[in-house]
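**Q** Pasted the sequence and its predicted model underneath.
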Amino acid sequence: MIRVGIVGGTGYTGAELLRLLVQHPQARLAVITSRAEAGQPVAELFPHLRGHLDLSFSEPDIELLATCDLVFFATPNGTAMRMVPELLAQGVRVIDLAADFRLKDPAEWERWYGMPHGCPELLAEAVYGLPEVNRAAIRTARLVANPGCYPTAITLGFLPLVESGAIDPTWLIADAKSGTSGAGRKAEIGLLMAEVGESFKAYAVSGHRHLPEILQNLRLFAGAEVDLTFVPHLVPMIRGIEATLYARLINEGQDLLGLYQDRYAGEPFVDVMPRGTPDTRSVRGSNHCRIAVARQGRTVIVQAVIDNLVKGAAGQAIQNMNLMFGCNEGLGLNTLALLP
Ligand SMILES: NC(=O)C1=CN([C@@H]2O[C@H](COP(=O)(O)OP(=O)(O)OC[C@H]3O[C@@H](n4cnc5c(N)ncnc54)[C@H](OP(=O)(O)O)[C@@H]3O)[C@@H](O)[C@H]2O)C=CC1
Ligand SMILES: CC(=O)N[C@@H](CCC(=O)OP(=O)(O)O)C(=O)O
C-alpha cells in the first residue's frame, strides 16, 4: 500500500483527490492537512466520505508528512516550494498540483507568478507530469510537477499537429473556456453566482500564466518554438474545460483523423472521436481528454475537453502516482462521466 498525504485537503482539487483516493485499491490516506479545519474529522466537512475515511485534518507539519511515501500538494502557487526540499531529503516523493515546479526557468516563474522561486535548484530535476509525453521519466521521479488545467487540454490538443510538422508553428490560436471550479474554493466577488451565473467573459487577455507553460511543453515535447495566442474564458458551469484550437495546415491533403488516432493509440485517457464534437459533460468526473479534429480549407480546428478537476488536476496526479509506484496506470481512475 502507498501511504499518502495531502496538503490542502479542503480545496476543490484536494477534495477531488479524496474522492478518488478513498476508492483506490493501493493507496492508504494517512495525513490530510488544513490549517483552518485542523482537528475536525474530514467526513464532517465532506459527508460524502462518511464511512470511507476515518481521519481528521492536521496542520501541515513536515514531520507528520514525512511518515508518508507520497505527498500531494493541492495548495496555492508558492506553497509547495517552501516544504518540498525537506520532504525529498526525508525520502518522501512529491506530486505538486500547483505551478511551483512546472517552469524550468526561475526567472520566468518570477515574472509570471510574482515571487522569487524558493528552491530553483530542484527545477531541473522536477518531472512534468503529462504521461502522454513523459511516461518513462514520471515512473522514476521523486518530484512531479502536475500540469495546469488549460495546459493539459491545449498541449494534448496541439501535440500531434506540432510534433508531426503538419502545421505552420508561427500561427496557433487557443480559445479556451473553463468552469468556475478552476478558480478554486475561495470567496471572491467575481465568482459569485450572481456575477457568473448567466454571463460569459474572457479574462487575462493580454497574457495568462499558463501561456509560458504551454510554450515550454510544445518546445520540449513537440520540438518546436511556436507563436501562440491563448485567451481563456470563464463560463457559467462548475466543472470542465473546452479548448477550441486553430492552426494552419502546410499540406492540405493531411489525414488529420489518422494523425490523431495514431498519436494517441494505446493512450488510456485520450479519446479521439471519429466524428462529432466533444462536450464537457462527456468528461465530467472522468480522467479522459476527449478530442475531435476538423478542417475549414487550410485551417485545422481541434476541440479538446477535460474535467479541470480530474484530467486537469487530481485524476492526472493519481495517474502519475500509479506510474511512480508501479501500479496499473488507470488504477482507481475508471470512473465514467456523469450525465446529465
Ligand atoms: N481548481 C482547478 O481546476 C485546478 C487547480 N490547480 C492548482 O491546484 C492548486 C489547488 O487548487 P484548488 O484546490 O483549486 O485551491 P483551493 O483554493 O480550493 O484550496 C487550497 C487548499 O490549500 C490549503 N492552503 C492554502 N494556503 C496554504 C498554505 N500556505 N499552506 C498549507 N496549505 C494551504 C487550503 O487549506 P487551509 O487554508 O485550511 O490550510 C486549501 O485546502 C492551486 O495551485 C491551483 O492553481 C491546478 C489545476 C486545476
Ligand atoms: C477559471 C479559472 O480561474 N481558472 C484558473 C486556472 C487554475 C489553475 O489551473 O491553476 P494553476 O495551473 O496555475 O495551478 C485561472 O485561470 O487562474
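**A** Nice, I can see it. Numbering: from 1, shown residues only. Ligands and ions are numbered 1, 2, ... in the order given.

**Q** Could you use CA atoms for every contact and neighbour count after this?
**A** Noted.

**Q** for the longest helix along the chain, which positions count as buried?
**A** Ordering each helix of the chain by length in residues (DSSP state H) puts helix 149-164 first. Buried residues in helix 149-164, counted by 16 or more other C-alpha atoms under 10 Å: 149-163.

**Q** Repeat that for stretch 32-47.
**A** Within stretch 32-47, the residues scored as buried using 16+ other C-alpha under 10 Å are Ile32, Thr33, Ser34, Glu37, Pro41, Val42, Ala43.

**Q** among the residues you listed, which are in strands?
**A** Ile32, Thr33 (DSSP state E).

**Q** for the buried residues of stretch 32-47, which one is nearest ligand 1?
**A** Taking C-alpha to the nearest ligand atom as the measure, ligand 1 lies nearest Ser34 of the buried residues of stretch 32-47, at 3.7 Å.

**Q** Now that Ala314 has come up, it's in contact with Tyr12, right?
**A** No: judged on C-alpha atoms under 8 Å, Ala314 makes no contact with Tyr12 at a distance of 9.3 Å.

**Q** For these two, indicate the residue with more neighbours.
**A** Neighbours of Ala314 and Tyr12, each counted by other C-alpha atoms under 10 Å, are more numerous for Ala314; the result is 28 against 21.

**Q** how far away is that one from Pro131?
**A** According to C-alpha to C-alpha, to the nearest Å, Ala314 and Pro131 sit 14 Å apart.

**Q** Which helix or strand lies directly C-terminal to the longest strand seen in the chain?
**A** If you go by DSSP E, the chain has its longest strand at strand 167-178. Counting by DSSP states H and E, the next helix or strand C-terminal to strand 167-178 is helix 193-196.

**Q** List the buried residues of that next one.
**A** Residues of helix 193-196 classed as buried by neighbour count (16+ other C-alpha under 10 Å): Val196.

**Q** Is that helix in proximity to ligand 2?
**A** No: Helix 193-196 lies out of reach of ligand 2 by C-alpha under 6 Å from any ligand atom, never closer than 10.9 Å.

**Q** Equivalent analysis for stretch 12-20, please.
**A** No: using C-alpha under 6 Å from any ligand atom, stretch 12-20 stays clear of ligand 2, coming no nearer than 9.9 Å.

**Q** if we can go back for a sec, give me the sheet partners of the longest strand of the chain and which way each runs.
**A** With DSSP bridges as the test, strand 167-178 is paired with strand 228-234 (parallel), strand 241-249 (antiparallel).

**Q** for stretch 30-40, what is the average pLDDT?
**A** Average pLDDT, stretch 30-40: 98.

**Q** circling back to that earlier point, orientation of the longest helix of the chain relative to strand 228-234 in degrees?
**A** Relative orientation of helix 149-164 and strand 228-234, computed by axes from the mean of the first three to the mean of the last three C-alpha atoms, to 10 degrees: 150 degrees.

**Q** picking that back up, could you name every residue contacting both of Ala314 and Pro131?
**A** Common neighbours of Ala314 and Pro131, counting by C-alpha atoms under 8 Å, 6 or more residues apart in numbering, are absent.

**Q** Which residues of the stretch 51-200 of the chain lie near ligand 2?
**A** Residues of the stretch 51-200 of the chain lying close to ligand 2 (C-alpha under 6 Å from any ligand atom) are Ala98, Ala99, Gly148, Cys149, Ser178, Gly179, Thr180, Gly182, Ala183.

**Q** which one among those residues gets closest to His288?
**A** Minimum distance to His288 across those is 12.6 Å, recorded for Cys149 (C-alpha to C-alpha).

**Q** For Ala243, see how far away the closest one is.
**A** Cys149 is 11 Å from Ala243, by C-alpha to C-alpha.
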